[in-house]
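Participant: let me see the structure of the following:
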Amino acid sequence: MPKRYFTLIAREPDGQWSPQFGDYDRETVNTEKADYVDHIGTTWPKGTQFKVIASGDDQTSINAAIAALNSL
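Facilitator: Numbering: from 1, shown residues only. Below is the predicted model:
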């Protein structure tokens with residue numbers, strides 16, 4: 001049975017969501033998200049959005065969760 005897994009995803013302006021970082025601990029992913037947000041305008045283009053999503057820990061579950069957001 002898959003464990004709960006948290007993935008940091010990014011969407012650059014006018015783009016699709018894509019995975020950036022993942023961990024079983026949400027706090028770890030939120031810390032990583034804060035670091036990514038601090039780099040908007042340097043490493044990341046202005047307008048980039050970040051979100052933390054939860055899914056199963058297998059790649060199929062992660063891909064399905066991201067695909068669901070990209071289809072909206």
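Participant: show me the beta-bridge partners of the residue lying closest to Val37 once chain neighbours are set aside.
Facilitator: Closest residue to Val37 apart from its sequence neighbours, by Cβ to Cβ, 6 or more residues apart in numbering: Phe50 at 6.0 Å. Every C-beta, even on glycine, is put in place using the N, C-alpha and C of the backbone. Judged by DSSP bridges, the bridge partners of Phe50 are Ala10.
Participant: list the contacts of the residue positioned nearest the centre of the chain.
Facilitator: Closest residue to the average C-alpha location of the chain: Ile9 at 1.7 Å, with Cα atoms, centre = their mean. By Cβ atoms under 8 Å, 6 or more residues apart in numbering, the contact set of Ile9 is Trp17, Ser18, Pro19, Gln20, Phe50, Lys51, Val52, Ile53, Ile66, Leu69.
Participant: swap the cut-off to 6 Å and go again
Facilitator: Residues in contact with Ile9 (Cβ atoms under 6 Å, 6 or more residues apart in numbering) are Trp17, Pro19, Lys51.
Participant: can you put these in CSV and add neighbour count and distance to Tyr36?
Facilitator: Output for the contacts of Ile9, formatted as CSV (neighbours: other Cβ atoms under 10 Å; distance: Cβ to Cβ, whole Å):
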residue, neighbour count, distance to Tyr36
Trp17, 21, 13
Pro19, 15, 12
Lys51, 13, 11
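Participant: out of those residues, which comes closest to Asn30?
Facilitator: Lys51 (11.1 Å; Cβ to Cβ).
Participant: what's the distance between the closest one and Trp17?
Facilitator: Plainly put, Lys51 is 7 Å away from Trp17 if you go by Cβ to Cβ, to the nearest Å.
Participant: which residues in this structure form strands?
Facilitator: Counting by DSSP state E, the segments of the chain that form strands are 4-11, 17-23, 49-56.
Participant: any idea which of the ones you listed is most buried?
Facilitator: strand 4-11 (a mean of 19; mean count of other Cβ atoms under 10 Å).
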